[in-house]
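> Show me how the following folds:
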Amino acid sequence: MNMSFSHDMDDEYEKLIRRMNPPRVVIDNESCKNATVIRVDSANKHGILLEVVQILTDLNLIITKAYISSDGNWFMDVFNVTDQDGNKITDEGILDYITKSLGPESCFISSMRSVGVKQSMDHTAIELTGTDRPGLLSEVSAVLRHLKCNVVGAEVWTHNTRAAAVMQVTDEETGTAITDPERLSRIKTLLSNVLKGSNKSGLAKTAVSHSATHTERRLHQMMFADRDYERTADDALDDRQRPNVDVVNWYDKDYSVVTIKCKDRPKLLFDTVCTLTDMDYIVFHAKIDTEGSDSYQEFYIRHVDGSPVKSDAERQRVTQCLEAAIKRRVSEGLKLELCTTDRVGLLSDVTRIFRENSLTVIRAEVATKSGKAVNTFYVRDASGYPVQPKTIDSIRQVIGQTILKVKGSPEDLKSNPQESPTRFLFGGLFKSRSFVNFSLVRSYS
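The predicted structure follows:
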């Protein structure tokens, strides 16, 4: 059978099922005194839990409790959510969006809108994975600037000596997506060389995409494919810092029960559900609860083939992958927020200033909104010691006191000086290494 025809048939069948059994969304601001309660009932399908959680987390809502049941052909979820300040959701625009995105009107949105995909085609997405090393973001940004690419959005994660980034770029002159095959090939070649650095045999991957994927889910997939979950010999993370992940089999019901105890943070549930989904596990029941700063998650799962976890090796892999998913964007370091008028080369200039002040960026979120650059960086001193206040003062004098704001106190940082600087990726190059006249670009070409 033609694969395209088969997919079309599946698509039409799914639409028929959803029309016969339209999803129902109830939003309740009365029954719980400190949270908005969202109930979702719909026909069950693989990945629906991730789809619902993704919609809620993309709105920057905090999920404080959740009860999930999808055993059989029906999916029933209850979520207690608040805004970032811990308040109920009262904005009519947000409530209407939730209802339309999860309710009956979503039936008529093509199921080709798979989980993880956003419909936006005004930029070219560049995906980068490689070995963690100091200064790479400065190098990548300088190369893109040299190639007349404007970075309009980016998200960067580092974990366990590995790094991944999804960068949205446009042509510097036209402000549109870059489509010329020869130019794209040159961009890939130069960036691949930058990722490899002096280690030409090192593992590095550069990909260019015109489809606009959900950045955070794609980063999880990229780091999972790069096997960042494998513990290294010099892994300094002790048991007290490591999330408590346990996987046991409930033989009477043929489930594997996954329990997770860790510090709570925004988007934690998205990260764990995303990982289970991408590992081809189905969540049949789940309970999510938070108490103070702690989170408790309990999932009853089976593999898509219908079986629970079948071996110690599989159990260890599930445990390590969930640990990695939780740790990838733990907000370590000092948080810096930059807001200014966007311009070509801004990211390159800012990361160069960080590098010249011996700061390493361990996570970054870069966005452009209505001509404004809104960037967030989590930084540490490249040596592993706490960031000194005088260093931040020096950087703010160069960038601008009102442009760059500090969201944490340098004195409160508790970085471990014994950690190897090679664990860090972005920033922290020696001041003597400069990008004058883009000699760096020529050296990789």
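
> Only C-alpha atoms from now on, for both contacts and neighbour counts.
Noted.

> hey, where'd the strands end up in the stretch 1-150 of the chain?
24-28, 36-43, 62-69, 74-82, 124-131, 149-159 (DSSP state E, counting those that start in this stretch).

> now these in TSV, with mean neighbour count?
Listed next are these as TSV, based on neighbours: other Cα atoms under 10 Å:
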stretch	mean neighbour count
strand 24-28	16
strand 36-43	20
strand 62-69	21
strand 74-82	20
strand 124-131	24
strand 149-159	24
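
> Can you tell me which of these is nearest to Lys261?
strand 62-69 (13.9 Å; Cα to Cα).

> Just give the strands next to the closest one in its sheet, each with its orientation.
strand 74-82 (antiparallel), strand 281-291 (antiparallel) (DSSP bridges).

> Give me the residues contacting the shortest one.
The contact list for strand 74-82 (Cα atoms under 8 Å, 6 or more residues apart in numbering) reads 34-44, 61-70, 88-89.

> Can you pull out the low-pLDDT segments for the protein?
Residues of the chain that meet the criterion pLDDT under 70 lie in 1-21, 105-121, 198-202, 210-212, 232-240, 408-445.

> Mind telling me which residue is nearest the centre of it?
In the chain, the centroid-proximal residue (Cα atoms, centre = their mean) is Glu216; its distance is 2.9 Å.

> Give me the buried stretch members for whichever strand or helix holds Val248, please.
Element membership of Val248 [criterion: DSSP states H and E] is strand 244-250. Buried residues in strand 244-250, counted by 16 or more other Cα atoms under 10 Å: 244-247, 249.

> just checking, next helix/strand downstream of that strand?
strand 255-263.

> just to revisit the earlier point, how much does the strand holding Val248 deviate in direction from strand 255-263?
170 degrees (axes from the mean of the first three to the mean of the last three Cα atoms, to 10 degrees).

> CA atoms only: put strand 244-250 into PDB for me.
The C-alpha coordinates for strand 244-250 follow below in PDB (Å, rounded to 0.1, in the frame of the first residue of the first chain):
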ATOM      1  CA  ASN A 244      15.400  10.100  42.800                       C
ATOM      2  CA  VAL A 245      14.000   7.900  40.000                       C
ATOM      3  CA  ASP A 246      12.800   4.400  40.700                       C
ATOM      4  CA  VAL A 247      11.300   1.900  38.200                       C
ATOM      5  CA  VAL A 248       9.600  -1.300  39.500                       C
ATOM      6  CA  ASN A 249       7.100  -3.700  37.900                       C
ATOM      7  CA  TRP A 250       3.600  -4.200  39.100                       C
END
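
> From the chain's centroid, how far away is that strand?
25 Å (Cα atoms, centre = their mean, to the nearest Å).

> follow-up on the earlier one: doesn't the residue nearest to the centre of the chain fall inside a helix?
Yes. Per DSSP: H, G, I helix; E, B strand; the rest coil, Glu216 lies within a helix segment.

> Quick check: beta-bridge partners of the closest residue to it other than its chain neighbours?
For Glu216, ignoring the flanking residues on the chain, the nearest one in space by Cα to Cα, 6 or more residues apart in numbering is Glu155 at 7.9 Å. Beta-bridge pairing of Glu155 under DSSP bridges involves Val166, Glu365.
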